[in-house]
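[1] okay, sequence plus prediction incoming.
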Amino acid sequence: MTDKTRVGVIGAGSISRQYLTNLPTFADVEVVRIGDLDVDRAKAQAEAFNVPKSGSADDVYADDEVDLIVNLTIPAAHVDVTTSALEAGKHVWSEKPLAESREGAQKLIEAARRTGKRLGCAPDTVLGSPIQAAMRRIHGGDLGTMISGLAMMQSPGPDMWHPSPEFLFQAGGGPILDIGPYHLSSLVWGLGSIKRVYAEGGRARPIRTIRAGDRAGTEFEVTVPTNVNAVLEFASGASATLVLSFDSPRRRAGLLEFGGTEASIVVPDPNTFGGTIEIHRPEGGEPKTIEAEANGNGRGVGAVDMIRSIREDQPHRASAELAFHVLDAMLALQDSVAATEPIELTTEAPELRPVPEGFNPTQAAS
(Lines give C-alpha, C1' and ligand atoms only; values in the text may rest on other atoms or scores of the structure.)
Protein backbone atom coordinates (compact mmCIF):
# COMPACT_ATOMS: atom_id res chain seq x y z
CA MET A 1 0.00 0.00 0.00
CA THR A 2 1.03 3.64 -0.51
CA ASP A 3 1.07 6.14 2.38
CA LYS A 4 -2.62 6.66 1.71
CA THR A 5 -4.83 3.65 1.20
CA ARG A 6 -6.77 4.04 -2.04
CA VAL A 7 -10.45 3.40 -1.52
CA GLY A 8 -13.19 2.46 -3.94
CA VAL A 9 -16.82 2.82 -2.90
CA ILE A 10 -19.59 0.53 -4.16
CA GLY A 11 -23.08 1.89 -3.60
CA ALA A 12 -24.05 5.48 -4.37
CA GLY A 13 -27.20 5.63 -2.27
CA SER A 14 -28.09 8.00 0.55
CA ILE A 15 -25.52 6.73 3.06
CA SER A 16 -22.72 7.28 0.54
CA ARG A 17 -22.99 11.01 1.19
CA GLN A 18 -21.79 10.54 4.77
CA TYR A 19 -18.90 8.33 3.73
CA LEU A 20 -17.86 10.52 0.80
CA THR A 21 -17.92 13.55 3.09
CA ASN A 22 -15.89 11.88 5.85
CA LEU A 23 -13.40 9.62 4.07
CA PRO A 24 -11.41 12.43 2.38
CA THR A 25 -10.87 14.07 5.80
CA PHE A 26 -9.04 11.00 7.14
CA ALA A 27 -5.25 11.12 6.95
CA ASP A 28 -4.91 7.53 5.72
CA VAL A 29 -7.50 7.54 2.92
CA GLU A 30 -7.78 8.62 -0.71
CA VAL A 31 -11.08 7.90 -2.47
CA VAL A 32 -10.28 7.06 -6.10
CA ARG A 33 -13.46 5.50 -7.54
CA ILE A 34 -17.17 4.97 -6.91
CA GLY A 35 -19.39 2.36 -8.56
CA ASP A 36 -23.09 1.53 -8.57
CA LEU A 37 -25.62 -0.55 -10.49
CA ASP A 38 -26.87 2.84 -11.68
CA VAL A 39 -23.73 4.27 -13.29
CA ASP A 40 -25.38 7.67 -13.70
CA ARG A 41 -25.96 7.83 -9.95
CA ALA A 42 -22.32 6.86 -9.36
CA LYS A 43 -21.21 9.59 -11.78
CA ALA A 44 -23.35 12.17 -9.99
CA GLN A 45 -21.83 11.28 -6.61
CA ALA A 46 -18.34 11.31 -8.10
CA GLU A 47 -18.90 14.82 -9.44
CA ALA A 48 -20.47 16.02 -6.19
CA PHE A 49 -17.61 14.73 -4.02
CA ASN A 50 -14.63 15.13 -6.38
CA VAL A 51 -14.03 11.41 -6.82
CA PRO A 52 -11.88 11.04 -9.96
CA LYS A 53 -13.46 7.87 -11.40
CA SER A 54 -16.93 6.32 -11.47
CA GLY A 55 -18.71 3.44 -13.15
CA SER A 56 -20.07 0.03 -12.21
CA ALA A 57 -19.21 -2.27 -9.32
CA ASP A 58 -17.17 -4.38 -11.75
CA ASP A 59 -15.10 -1.30 -12.57
CA VAL A 60 -14.24 -0.94 -8.87
CA TYR A 61 -13.25 -4.61 -8.54
CA ALA A 62 -11.01 -4.37 -11.62
CA ASP A 63 -9.29 -1.12 -10.67
CA ASP A 64 -5.66 -1.87 -9.75
CA GLU A 65 -5.46 1.46 -7.92
CA VAL A 66 -8.08 0.36 -5.37
CA ASP A 67 -6.64 -1.21 -2.20
CA LEU A 68 -9.84 -1.30 -0.12
CA ILE A 69 -13.50 -1.36 -1.07
CA VAL A 70 -16.23 0.22 1.04
CA ASN A 71 -19.45 -1.73 0.48
CA LEU A 72 -22.48 0.55 0.85
CA THR A 73 -24.99 -1.59 -1.02
CA ILE A 74 -28.32 -2.78 0.39
CA PRO A 75 -28.12 -5.69 2.88
CA ALA A 76 -29.35 -8.25 0.34
CA ALA A 77 -26.29 -7.53 -1.83
CA HIS A 78 -23.67 -7.54 0.93
CA VAL A 79 -22.51 -11.15 0.56
CA ASP A 80 -22.13 -11.04 -3.23
CA VAL A 81 -20.41 -7.64 -3.30
CA THR A 82 -18.07 -8.37 -0.41
CA THR A 83 -17.15 -11.80 -1.79
CA SER A 84 -16.38 -10.33 -5.21
CA ALA A 85 -14.28 -7.58 -3.63
CA LEU A 86 -12.25 -10.02 -1.53
CA GLU A 87 -11.70 -12.31 -4.51
CA ALA A 88 -10.53 -9.28 -6.50
CA GLY A 89 -7.74 -8.89 -3.95
CA LYS A 90 -9.21 -5.95 -2.02
CA HIS A 91 -9.65 -5.43 1.70
CA VAL A 92 -13.30 -4.66 2.49
CA TRP A 93 -15.16 -2.40 4.88
CA SER A 94 -18.89 -3.21 4.78
CA GLU A 95 -21.90 -1.36 6.00
CA LYS A 96 -24.05 -3.31 8.43
CA PRO A 97 -25.21 -6.00 8.59
CA LEU A 98 -22.31 -8.22 7.53
CA ALA A 99 -24.85 -10.55 5.89
CA GLU A 100 -28.52 -11.46 6.19
CA SER A 101 -27.83 -15.00 7.41
CA ARG A 102 -25.35 -16.88 9.55
CA GLU A 103 -24.40 -18.92 6.49
CA GLY A 104 -23.67 -15.77 4.52
CA ALA A 105 -21.56 -14.32 7.33
CA GLN A 106 -19.57 -17.54 7.66
CA LYS A 107 -18.99 -17.56 3.90
CA LEU A 108 -17.55 -14.05 4.08
CA ILE A 109 -15.24 -14.83 6.99
CA GLU A 110 -13.97 -17.89 5.14
CA ALA A 111 -13.46 -15.80 1.97
CA ALA A 112 -11.42 -13.24 3.92
CA ARG A 113 -9.24 -15.99 5.38
CA ARG A 114 -8.84 -17.70 2.00
CA THR A 115 -7.82 -14.51 0.21
CA GLY A 116 -5.69 -13.15 3.05
CA LYS A 117 -7.59 -9.87 3.03
CA ARG A 118 -9.10 -7.91 5.92
CA LEU A 119 -12.85 -7.66 6.37
CA GLY A 120 -14.43 -5.13 8.69
CA CYS A 121 -18.03 -4.15 9.28
CA ALA A 122 -20.10 -1.30 10.65
CA PRO A 123 -21.14 0.02 13.02
CA ASP A 124 -17.99 1.97 13.72
CA THR A 125 -19.80 4.36 16.04
CA VAL A 126 -18.59 1.97 18.77
CA LEU A 127 -15.11 3.34 18.00
CA GLY A 128 -16.28 6.90 18.63
CA SER A 129 -15.02 8.98 21.53
CA PRO A 130 -17.92 8.53 24.03
CA ILE A 131 -18.22 4.75 23.80
CA GLN A 132 -14.48 4.24 23.81
CA ALA A 133 -14.05 6.57 26.80
CA ALA A 134 -16.58 4.36 28.58
CA MET A 135 -14.88 1.16 27.39
CA ARG A 136 -11.48 2.26 28.67
CA ARG A 137 -13.06 2.64 32.11
CA ILE A 138 -15.02 -0.62 31.91
CA HIS A 139 -12.08 -2.66 30.62
CA GLY A 140 -9.80 -0.96 33.14
CA GLY A 141 -12.00 -2.08 36.04
CA ASP A 142 -13.11 1.39 37.14
CA LEU A 143 -16.75 0.25 37.38
CA GLY A 144 -15.95 -2.97 39.24
CA THR A 145 -17.48 -6.22 38.05
CA MET A 146 -19.91 -5.58 35.20
CA ILE A 147 -23.39 -6.85 35.98
CA SER A 148 -25.93 -5.15 33.70
CA GLY A 149 -26.74 -3.16 30.61
CA LEU A 150 -29.71 -1.18 29.31
CA ALA A 151 -30.18 -0.17 25.67
CA MET A 152 -33.21 1.44 24.05
CA MET A 153 -34.23 3.11 20.80
CA GLN A 154 -37.82 4.02 19.99
CA SER A 155 -39.21 5.94 17.01
CA PRO A 156 -42.26 6.01 14.72
CA GLY A 157 -40.08 4.40 12.03
CA PRO A 158 -38.02 5.46 9.00
CA ASP A 159 -41.10 5.48 6.77
CA MET A 160 -41.69 8.93 8.27
CA TRP A 161 -38.64 10.41 6.50
CA HIS A 162 -37.01 7.91 4.12
CA PRO A 163 -38.10 8.24 0.45
CA SER A 164 -37.71 4.47 -0.19
CA PRO A 165 -37.99 2.74 3.20
CA GLU A 166 -39.30 -0.67 2.09
CA PHE A 167 -35.99 -2.49 2.63
CA LEU A 168 -35.95 -1.33 6.25
CA PHE A 169 -39.18 -3.25 6.92
CA GLN A 170 -38.28 -6.48 5.14
CA ALA A 171 -35.75 -9.30 5.58
CA GLY A 172 -32.44 -7.72 6.55
CA GLY A 173 -34.19 -4.72 8.11
CA GLY A 174 -36.53 -3.84 10.95
CA PRO A 175 -35.27 -2.22 14.15
CA ILE A 176 -33.38 -5.40 15.09
CA LEU A 177 -31.12 -5.42 12.02
CA ASP A 178 -31.19 -1.68 11.24
CA ILE A 179 -30.68 -0.18 14.72
CA GLY A 180 -29.73 -3.26 16.72
CA PRO A 181 -26.10 -3.34 15.54
CA TYR A 182 -25.32 -0.04 17.31
CA HIS A 183 -26.73 -1.16 20.65
CA LEU A 184 -25.69 -4.80 20.52
CA SER A 185 -22.13 -3.99 19.43
CA SER A 186 -21.86 -1.55 22.34
CA LEU A 187 -23.26 -4.09 24.81
CA VAL A 188 -20.77 -6.71 23.60
CA TRP A 189 -17.92 -4.23 23.95
CA GLY A 190 -18.94 -3.59 27.56
CA LEU A 191 -20.20 -6.99 28.73
CA GLY A 192 -18.59 -9.57 26.43
CA SER A 193 -20.10 -12.38 24.39
CA ILE A 194 -23.87 -12.86 24.41
CA LYS A 195 -24.84 -16.38 25.46
CA ARG A 196 -28.64 -16.46 25.22
CA VAL A 197 -31.51 -14.13 24.30
CA TYR A 198 -35.24 -14.05 24.96
CA ALA A 199 -37.45 -11.60 23.08
CA GLU A 200 -41.08 -10.76 22.51
CA GLY A 201 -42.44 -8.41 19.88
CA GLY A 202 -44.39 -8.09 16.68
CA ARG A 203 -45.68 -5.74 13.96
CA ALA A 204 -48.04 -2.95 14.92
CA ARG A 205 -49.01 -2.54 11.26
CA PRO A 206 -48.55 -5.14 8.50
CA ILE A 207 -48.96 -2.39 5.87
CA ARG A 208 -47.22 0.99 6.13
CA THR A 209 -47.26 4.16 4.04
CA ILE A 210 -44.31 6.18 2.78
CA ARG A 211 -44.59 9.69 4.24
CA ALA A 212 -41.78 11.55 2.45
CA GLY A 213 -40.36 12.15 -1.01
CA ASP A 214 -41.81 11.64 -4.47
CA ARG A 215 -43.42 8.33 -3.48
CA ALA A 216 -45.30 9.67 -0.46
CA GLY A 217 -48.60 7.84 -0.08
CA THR A 218 -47.27 4.54 -1.47
CA GLU A 219 -48.14 1.53 0.69
CA PHE A 220 -45.82 -1.43 1.30
CA GLU A 221 -45.80 -4.66 3.29
CA VAL A 222 -43.96 -5.16 6.59
CA THR A 223 -42.44 -8.65 6.94
CA VAL A 224 -40.29 -8.35 10.09
CA PRO A 225 -40.95 -7.46 13.76
CA THR A 226 -41.07 -3.70 14.26
CA ASN A 227 -41.11 -3.64 18.07
CA VAL A 228 -38.99 -5.89 20.26
CA ASN A 229 -38.43 -6.21 24.01
CA ALA A 230 -35.56 -8.51 24.95
CA VAL A 231 -33.41 -9.84 27.78
CA LEU A 232 -29.82 -10.78 26.96
CA GLU A 233 -27.67 -13.15 29.01
CA PHE A 234 -23.90 -12.81 28.68
CA ALA A 235 -21.21 -15.46 29.11
CA SER A 236 -19.69 -13.26 31.84
CA GLY A 237 -22.84 -13.63 33.96
CA ALA A 238 -24.07 -10.11 33.22
CA SER A 239 -27.49 -9.44 31.71
CA ALA A 240 -29.04 -6.61 29.73
CA THR A 241 -32.42 -5.28 28.65
CA LEU A 242 -32.90 -4.21 25.04
CA VAL A 243 -35.90 -2.31 23.61
CA LEU A 244 -36.08 -1.50 19.89
CA SER A 245 -39.13 -0.07 18.13
CA PHE A 246 -40.28 1.46 14.85
CA ASP A 247 -43.81 1.68 16.33
CA SER A 248 -43.42 4.30 19.05
CA PRO A 249 -44.94 7.79 18.71
CA ARG A 250 -42.45 8.87 21.38
CA ARG A 251 -38.90 9.16 20.13
CA ARG A 252 -36.04 7.92 22.30
CA ALA A 253 -32.75 8.16 20.44
CA GLY A 254 -30.24 5.72 21.72
CA LEU A 255 -30.32 5.18 25.49
CA LEU A 256 -27.27 3.15 26.60
CA GLU A 257 -26.18 2.38 30.18
CA PHE A 258 -23.80 -0.07 31.84
CA GLY A 259 -23.89 -1.11 35.49
CA GLY A 260 -20.99 -2.38 37.58
CA THR A 261 -20.53 -3.17 41.25
CA GLU A 262 -18.69 0.14 41.82
CA ALA A 263 -20.39 2.52 39.39
CA SER A 264 -22.78 2.89 36.48
CA ILE A 265 -21.96 4.71 33.28
CA VAL A 266 -24.41 6.43 30.90
CA VAL A 267 -23.27 6.75 27.29
CA PRO A 268 -24.71 8.97 24.52
CA ASP A 269 -26.68 7.56 21.60
CA PRO A 270 -24.51 4.73 20.18
CA ASN A 271 -25.49 5.90 16.69
CA THR A 272 -23.40 9.06 17.19
CA PHE A 273 -19.71 9.90 17.58
CA GLY A 274 -19.67 12.60 20.28
CA GLY A 275 -21.37 13.62 23.51
CA THR A 276 -21.17 13.49 27.29
CA ILE A 277 -20.82 10.38 29.44
CA GLU A 278 -21.96 10.27 33.07
CA ILE A 279 -20.51 8.14 35.87
CA HIS A 280 -22.79 7.47 38.85
CA ARG A 281 -21.46 6.16 42.19
CA PRO A 282 -23.43 4.30 44.92
CA GLU A 283 -23.03 7.15 47.41
CA GLY A 284 -25.16 9.40 45.19
CA GLY A 285 -24.62 13.06 44.49
CA GLU A 286 -24.07 14.65 41.12
CA PRO A 287 -22.63 12.28 38.52
CA LYS A 288 -19.17 12.85 37.14
CA THR A 289 -19.47 14.06 33.55
CA ILE A 290 -16.89 13.63 30.83
CA GLU A 291 -17.24 15.45 27.54
CA ALA A 292 -16.10 13.21 24.70
CA GLU A 293 -15.69 15.28 21.55
CA ALA A 294 -16.08 13.56 18.18
CA ASN A 295 -12.37 14.29 17.62
CA GLY A 296 -12.51 13.84 13.87
CA ASN A 297 -14.49 10.59 14.09
CA GLY A 298 -17.35 9.84 11.73
CA ARG A 299 -18.73 7.18 9.42
CA GLY A 300 -15.76 5.33 7.97
CA VAL A 301 -13.49 5.52 11.01
CA GLY A 302 -13.66 1.72 11.22
CA ALA A 303 -11.95 1.55 7.84
CA VAL A 304 -9.20 3.83 9.18
CA ASP A 305 -8.73 1.60 12.22
CA MET A 306 -8.51 -1.38 9.87
CA ILE A 307 -5.94 0.36 7.66
CA ARG A 308 -3.77 1.27 10.64
CA SER A 309 -4.15 -2.21 12.13
CA ILE A 310 -2.93 -3.75 8.87
CA ARG A 311 0.17 -1.56 8.98
CA GLU A 312 0.76 -2.43 12.64
CA ASP A 313 0.01 -6.15 12.08
CA GLN A 314 -2.72 -5.99 14.74
CA PRO A 315 -6.33 -7.23 14.67
CA HIS A 316 -8.74 -4.49 13.65
CA ARG A 317 -11.46 -3.62 16.13
CA ALA A 318 -14.67 -3.57 14.06
CA SER A 319 -13.98 -7.04 12.72
CA ALA A 320 -16.09 -9.46 10.71
CA GLU A 321 -15.98 -11.83 13.67
CA LEU A 322 -17.54 -9.20 15.95
CA ALA A 323 -20.13 -8.39 13.28
CA PHE A 324 -20.93 -12.11 12.93
CA HIS A 325 -21.53 -12.40 16.68
CA VAL A 326 -23.81 -9.35 16.59
CA LEU A 327 -25.63 -10.78 13.56
CA ASP A 328 -26.01 -14.09 15.42
CA ALA A 329 -27.59 -12.16 18.31
CA MET A 330 -29.95 -10.25 16.01
CA LEU A 331 -31.11 -13.39 14.24
CA ALA A 332 -31.53 -15.11 17.61
CA LEU A 333 -33.75 -12.20 18.69
CA GLN A 334 -35.90 -12.67 15.59
CA ASP A 335 -36.03 -16.42 16.19
CA SER A 336 -36.99 -15.86 19.82
CA VAL A 337 -39.85 -13.53 18.86
CA ALA A 338 -41.15 -16.18 16.45
CA ALA A 339 -40.71 -19.12 18.85
CA THR A 340 -41.53 -17.27 22.11
CA GLU A 341 -38.66 -19.09 23.80
CA PRO A 342 -34.99 -18.39 24.65
CA ILE A 343 -32.45 -18.94 21.87
CA GLU A 344 -28.80 -19.89 22.40
CA LEU A 345 -26.15 -18.16 20.30
CA THR A 346 -23.73 -20.19 18.19
CA THR A 347 -20.83 -17.70 18.13
CA GLU A 348 -18.54 -15.82 20.50
CA ALA A 349 -17.14 -12.31 20.25
CA PRO A 350 -13.41 -11.83 19.69
CA GLU A 351 -11.20 -10.16 22.29
CA LEU A 352 -11.69 -6.40 22.05
CA ARG A 353 -9.06 -3.68 22.58
CA PRO A 354 -10.30 -0.18 23.47
CA VAL A 355 -9.12 2.62 21.20
CA PRO A 356 -6.27 4.64 22.77
CA GLU A 357 -7.23 8.02 24.20
CA GLY A 358 -6.66 10.83 21.73
CA PHE A 359 -7.22 8.73 18.60
CA ASN A 360 -7.97 11.09 15.71
CA PRO A 361 -8.42 9.67 12.20
CA THR A 362 -7.86 13.08 10.60
CA GLN A 363 -4.29 13.12 11.88
CA ALA A 364 -1.58 10.78 10.61
CA ALA A 365 -0.66 7.97 13.00
CA SER A 366 2.52 8.70 14.92
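    That came through, no problem. Only a predicted model underlies this, so the values are computations on that prediction, with no experimental measurement involved.
[2] when you work out contacts or count neighbours from here on, use the C-alpha atoms and nothing else.
    OK.
[3] for residue 265, helix, strand, or coil?
    What DSSP: H, G, I helix; E, B strand; the rest coil gives for residue 265 is strand.
[4] begin at 16 from here
    Yes, from this point I'll number from 16; that puts the last item at residue 280.
[5] surely it touches residue 151?
    No. Residue 280 lies out of contact with residue 151 (CA atoms under 8 Å); the separation is 11.7 Å.
[6] more neighbours: which of those two?
    Neighbour tally, residue 280 and residue 151, criterion other CA atoms under 10 Å: the higher count belongs to residue 280, 23 against 17.
[7] quick check: which element contains the residue lying closest to the more buried one once chain neighbours are set aside?
    In space, residue 280 comes closest to residue 294 once its chain neighbours are excluded; the distance is 4.5 Å by CA to CA, 6 or more residues apart in numbering. Here residue 294 sits within strand 290-295, counting by DSSP states H and E.
[8] mind checking how far that strand is from the chain centre?
    Computed by CA atoms, centre = their mean, to the nearest Å, the separation of strand 290-295 from the middle of its chain amounts to 22 Å.
[9] got it, and stretch 57-66?
    Counting by CA atoms, centre = their mean, stretch 57-66 is centred 25 Å from the centre of its parent chain.
[10] past the helix or strand harbouring residue 168, which element shows up next along the chain?
    Using DSSP H and E, residue 168 sits within strand 161-169. Sequence-wise, the next helix or strand downstream of strand 161-169 (DSSP H and E) is helix 189-193.
[11] residues of the helix or strand just after that next one that come out buried?
    Per DSSP H and E, the first helix or strand lying C-terminal to helix 189-193 is helix 195-206. Neighbour-count burial for helix 195-206 flags 195, 196, 197, 198, 199, 200, 201, 202, 203, 204, 205, 206 (criterion: 16 or more other CA atoms under 10 Å).
[12] so what secondary structure elements neighbour helix 195-206?
    helix 144-154, strand 161-169, strand 267-275, helix 335-354 (3 or more CA pairs under 8 Å, 6 or more residues apart in numbering; DSSP states H and E).
[13] what is the mean pLDDT for the last one?
    Rounded to a whole number, the mean pLDDT of helix 335-354 is 97.
[14] next, the angle helix 195-206 makes with it.
    110 degrees (axes from the mean of the first three to the mean of the last three CA atoms, to 10 degrees).
[15] now the element after helix 335-354, going C-ward?
    strand 358-359.
[16] what lines up beside that following strand in the sheet?
    strand 209-217 (antiparallel) (DSSP bridges).
[17] tell me the buried residues in the strand it pairs with?
    Using 16+ other CA under 10 Å as the test for burial, strand 209-217 gives 209, 210, 211, 212, 213, 214, 215, 216, 217.
[18] nearest to residue 179 among the residues you listed?
    Taking CA to CA as the measure, residue 179 lies nearest residue 217 of the buried residues of strand 209-217, at 22.1 Å.
[19] just give the nearest non-adjacent residue to the closest one, would you?
    residue 240 is the one closest to residue 217 (CA to CA, 6+ apart), at 4.6 Å.
[20] ditto for residue 214
    Using CA to CA, 6+ apart, the nearest residue to residue 214 is residue 245, at 4.1 Å.
[21] quick check, the one you found in a strand?
    Yes. Applying three-state DSSP, one finds residue 245 inside a strand.
[22] quick one, the lowest-mean-pLDDT helix or strand in the chain and strand 290-295 angle?
    Ranked by mean pLDDT, DSSP states H and E, the weakest helix or strand in the chain is strand 303-307, scoring a mean of 90. Per the same axes, to 10 degrees, the angle that strand 303-307 makes with strand 290-295 is 160 degrees.
[23] what lines up beside the strand holding residue 294 in the sheet?
    strand 279-282 (antiparallel), strand 303-307 (antiparallel).
[24] could you give the angle of that strand to helix 144-154?
    Using the same axes, to 10 degrees: strand 290-295 against helix 144-154 is 30 degrees.
[25] now do strand 290-295, average pLDDT.
    In this model, strand 290-295 carries a mean pLDDT of 95.
[26] contacting residues for the residue of the chain positioned farthest from its centre?
    When distances are taken from the C-alpha mean of the chain, residue 298 lies farthest, 35.6 Å away, according to CA atoms, centre = their mean. Contacts for residue 298 (CA atoms under 8 Å, 6 or more residues apart in numbering) come out as none.
[27] quick one: the residue nearest to residue 214 from residue 152, how far?
    26 Å (CA to CA, to the nearest Å).
[28] spatially central residue in the protein, please.
    Centre-most residue of the chain, counting by CA atoms, centre = their mean: residue 138, 1.8 Å.
[29] what's the helix or strand for it?
    Going by DSSP H and E, residue 138 is not in any helix or strand.
[30] quick one: it and residue 108 touch, right?
    No. With contact defined as CA under 8 Å, residue 138 does not reach residue 108; the gap is 10.4 Å.
[31] who touches both of those two?
    Contact criterion CA under 8 Å, 6+ apart; residues shared by residue 138 and residue 108: residue 317.
[32] export the helices and strands packed on helix 195-206 to CSV and tack on distance to residue 258?
    Rendered in CSV, the data for the helices and strands packed on helix 195-206 read as follows (distance: least, CA to CA, whole Å):
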stretch, distance to residue 258
helix 144-154, 19
strand 161-169, 5
strand 267-275, 10
helix 335-354, 11
